[in-house]
Every structure is written in structure tokens, then in C-alpha cells.
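K.L.:
below are the sequence and a predicted model; questions follow.
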Amino acid sequence: MNFISILYGLFLLSVLGVYWSLGKQKLRLWTLLIASLVFYSSLSIQYIPLLLALTFINFRLGREIGKNTSPGQHNINWKISNEDWQFAQVDWNRRRIKVLWLGIILNVALLLGFKYINSFLQLTFNLSVNPSETSWKIIAPLGISFFTFECIAYLIDVYRGAPATNNFLQFSTYKLFFPKLISGPITRYHNLANQFNTLEFPTADRVSEALWLIARGAVKKGILADRLGIFVDLCFGNLQRAGSNDLWLATFAYGLQLYLDFNGYVDIARGTALLFGLVLPENFDFPYFTTSIAEFWRRWHMTLGDWLRNYVYFPLGGSRQGLTRTCGNLFLIMLIAGIWHGSAWGFVIWGIYHGLALVVHRLTDVMSDRYEKLELFWQNPVGVVIAWLITQVMVFTSWIWFRLPNLQESSFVIQHLWGHSADAQFAQKVYIEALNTSQSQVSVMLVTLFILMGITYAFKGKLKLDLNWPIKLVFVPLFLYAVWLFAPEGSLPYIYFDF
């Protein structure tokens, strides 16, 4: 069931009708849970038992971690010495951390198992280098990366003192909530659970905001991202024939495609949740207008960045244990991010590239703090523009490994970014016959799209201006009709479904 389809629209309207016709919270949760199972079944029904089993296991682990077995709590009439109480407390904490590590290892092993099992089978049995050509390829459950990260976050939150839930219906509804199940945003349990307990029918402005998000997300994905994707696939699918200019255009086009594709998904997910009276976290904040790689990661895939900071970076010591340790921690979390995205070496290189960029940025910050002239340079308009250019060139070139995780292909692109002419038939086949355009027109379209994004950033990000809800409501049917007319036939799959 595709988000941008009539089937999804009918499904959503049916679920909303049942959901808001019920007065009891329990019945509404059951409606959401059943709808989520139906939605996931339409995409990957064979993994429903696995997700339900994992949900129950993490629910039970959370209860064990949150269970208070301190003797002073259960038996207040006990008369034990302070020393005995301290020993009991140590045993209790030791047991809790063992259960926590059991949960973390289980979830990580499951995630890495699905991500890397095909590579393991290749190495073990010396099978084909291209797993897509083999019949034994195991496909990971859709959304398994987001699912396991949310489970780990819940277990750690409970260990840190957040209350463990005793309501399996509420927990399973949170885990399987269909708008966020496949590609996030990564959401903490207690954030959504509090909203489950205070559900109210959305107001007119909230309904208009929800519909605006859905329509806006459909335009981003259905028209912009998919149109860019056609060009990107043509260029990266014909690497031997493409010239340096074509590869640069495809690289920047892919960066925009990835952003619009993922951001469009999140817009639709957040809009859908709003119709159910629930607020999912933001995941993007104009990341391509940042002037440092650290700021980029605070505004790109923000829930993943938040997860890495709270559950990896800070436990490792963060920036509290000296510059060397800080740089090591920054490098490590980006390496983990690369491994999280996939088993191919390209994702590892991508993570290393971003890790090194974060280290260089931290060292530059330290140097700027020591030398006033250097700090003033980065603050003046020329320095800001240079910082923006360096950051975005680094980010966009890193997407080459993301789009082409096969090192042979990505290395070919890197080596041919300069001084390489296109095959004589490339322009004819790609630009004229396939796209009915020219290389210069593609360049103008990419620049125009970026300028429009910049105007939106100036009004919404800097001036904090936004359309009021009646105007948004007017644009909703226009946007949806535009998607109906201009979206290419055969919608491309969401890029982050692979992760």
C-alpha cells in the first residue's frame, strides 16, 4: 500500500471513520493496532509474526528492567541494616543492567543479522558477488532498523528511570503505528504514550495542517523526488557513458531526490498522525542550508541524530573527556550510522567520511576559539558562504557512496568527476529521447529547485512566517491534483524503505 495512492486514501478515511466514532481509548488503540497490521500486511505480511514477537519480548524486558525489587519498597516492615540494604540495591541494579544488555544485544543482533546475512552467506559459501542474481537472498523486514532503534531507546529510557508500561496494547500500538512503522521518524515511547492518554478530536487548524502536510509530502515525493529519480537512474545506470558534467548533475540531483523523498514520506506520516490526534517529531529542518557538518546532522534525519547522541555519544562520554576522546566518539557514531544503513562497503565509507568531517569541524572549532581572527572570519558573510559551500559539497559528494554502495561503481564516479567526456550517444539517449530536455535545462531546473527551497527557508526558517490554515486548505486539492497529473507512471519506491 503506497502512501501516494487512492487505495491508501480510502484506507486512511475508513480507519479515521472508525477511530473517531469510538469513545473509549482502548477501542481506539485496538483500531490503530489492527489498521497498522493491515497496512504492514499489504507490504510484507510474512514478517508480522516476527514483529509481534519482538514487540512482546521488548515489552517484557522493559517490565523486568523497570520492576522495583528493592527490599525497602516491597517489604517496608523488614528491619535490615543499611549495609544489607546497600548490597540488595547493588544486586538489583546488576540484574537490571544484565536485562538491559540482553535486550540491546537481542535487538542489535537481529538488526545486523538481517542486514549482513546475505554478505555472510556469500563469504561462507562463495556464492555470486551480486546477491540479486541468487535465489537465496534474504530480504530484511521493512522498517526493521527503525523498529529496533525504538526498542533500544525504550529499554534504555526505562533503565534511566522512565516508567515501564504494563499496557501491552498501548505499547504494541506505539511500536506498530503504521505512519511511522516503515521509515520513522524514530519516536520515543513515552512521548506517544502521553498523547494516547489525552486524545482529543483535532481542531480545524490541526486538520488543515495535517492535510497540508500530506499534500505537500505527496508533491515532494510524487512529482519532485520521482522526477529527479528518473534522471539519477539514467545517469548512474550508464556510468561508462556519462561524462563528468553528467555525473556532477546526477550527484546533486540525487542529494535533492533523497531529501525530497524522505522528507516527503515524513510529511505524509506526520500529517496522517495528526488526523489521529497524535504529533510525531520533526525529522528535517532545511539541512542543505547549514554552514557546518555538525549543524547539518542537527537538522538532517533529526530523530536518528538524536538517537545517536542520547544512546551512543553521551554514554561514551560525549565531549566531557578531552578533545581526543571527543573526536573518537564523533567518528564512532558516524561509523555506526553507516553500518546501520546497510552491509555494503559504500555505507561504511559514507560513515567514515562523515565521521572525519565531524572531527575536522571540531578541530576547526577549537582553533577558532584560540585565534580570534579565525573566529571572526567564519562569522563574516564571506566566511559564512565558504563554510556553506564546503559543507554542502562534502555532503553531496558523500551521497555518491550512499547511492552506489558498490565500491567499484562509486570509485568509478569519483575518478571521473573531472575531465571526462560523455559517450557520443549519451546526450541523445538520456536527455533527448528519455527526458525530452537538455543538459543545460536540467542544470537550470536543479538550480531553480534549490532557489525555491532557499526562499522557503528564508520565509519559514529565518522569518518564521507561515501560511494560515484556510490558505493551506485551499492548496491541498490543488497539490493532490497536480500529483495526479504530473507524477510519473510507476512511482519509485521510497529510498529509505531499504534501511
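P.N.:
Arrived safely.

K.L.:
who are the neighbours of the helix or strand residue 449 falls within, in terms of helices and strands?
P.N.:
Take DSSP states H and E as the rule and residue 449 turns out to sit in helix 439-456. Applying 3 or more C-beta pairs under 8 Å, 6 or more residues apart in numbering; DSSP states H and E, we find helix 439-456 packed against helix 244-275. Heads up, the C-betas are built off the backbone N, CA and C, glycines and all.

K.L.:
correct me, but residue 157 touches residue 190?
P.N.:
Yes - Residue 157 lies in contact with residue 190 (C-beta atoms under 8 Å); the separation is 6.6 Å.

K.L.:
more neighbours: which of the two?
P.N.:
More crowded of residue 157 and residue 190, by other C-beta atoms under 10 Å: residue 157, with 20 against 16.

K.L.:
now for the more buried one: which residues touch it?
P.N.:
188, 189, 190 (C-beta atoms under 8 Å, 6 or more residues apart in numbering).

K.L.:
can we see that at 10 Å?
P.N.:
62, 65, 66, 163, 164, 188, 189, 190, 310, 311 (C-beta atoms under 10 Å, 6 or more residues apart in numbering).

K.L.:
for residue 257, same thing?
P.N.:
Contacts of residue 257 (C-beta under 10 Å, 6+ apart): 221, 224-233, 250, 399, 403, 492, 495.

K.L.:
and if you look at residue 272?
P.N.:
3, 8, 12, 15-16, 177-180, 210, 213-214, 217, 278, 280.

K.L.:
picking that back up, min pLDDT across the contacts of residue 157, which one?
P.N.:
For the contacts of residue 157, the least confident position by pLDDT is residue 66, scoring 90.

K.L.:
run a quick neighbour tally on that one.
P.N.:
19.

K.L.:
so which of the contacts of residue 257 comes closest to residue 391?
P.N.:
residue 399 (13.3 Å; C-beta to C-beta).

K.L.:
looks like the closest one contacts residue 252 (just checking).
P.N.:
Yes - counting by C-beta atoms under 10 Å, residue 252 is a contact partner of residue 399 at 8.8 Å.

K.L.:
what residues do those two have in common as contacts?
P.N.:
Residues touching both residue 399 and residue 252 by C-beta under 10 Å, 6+ apart: residue 232.

K.L.:
what residues are up against the residue nearest to residue 172 when sequence neighbours are not counted?
P.N.:
Excluding the flanking residues, the one nearest residue 172 by C-beta to C-beta, 6 or more residues apart in numbering is residue 55, at 4.9 Å. Applying C-beta under 10 Å, 6+ apart to residue 55 gives the contacts 147, 151, 168, 171, 172, 173, 174, 175, 176.

K.L.:
same check, this time on residue 450
P.N.:
252, 255, 256, 288, 289, 392.

K.L.:
of all pairs in these, which one is the farthest apart?
P.N.:
Taking C-beta to C-beta as the measure, the contacts of residue 450 have their most distant pair in 252 and 289, spaced 14.8 Å apart.

K.L.:
neighbour count: the two, which is higher?
P.N.:
When residue 252 and residue 289 are compared for neighbours, residue 252 comes out ahead with 23 against 20, by other C-beta under 10 Å.
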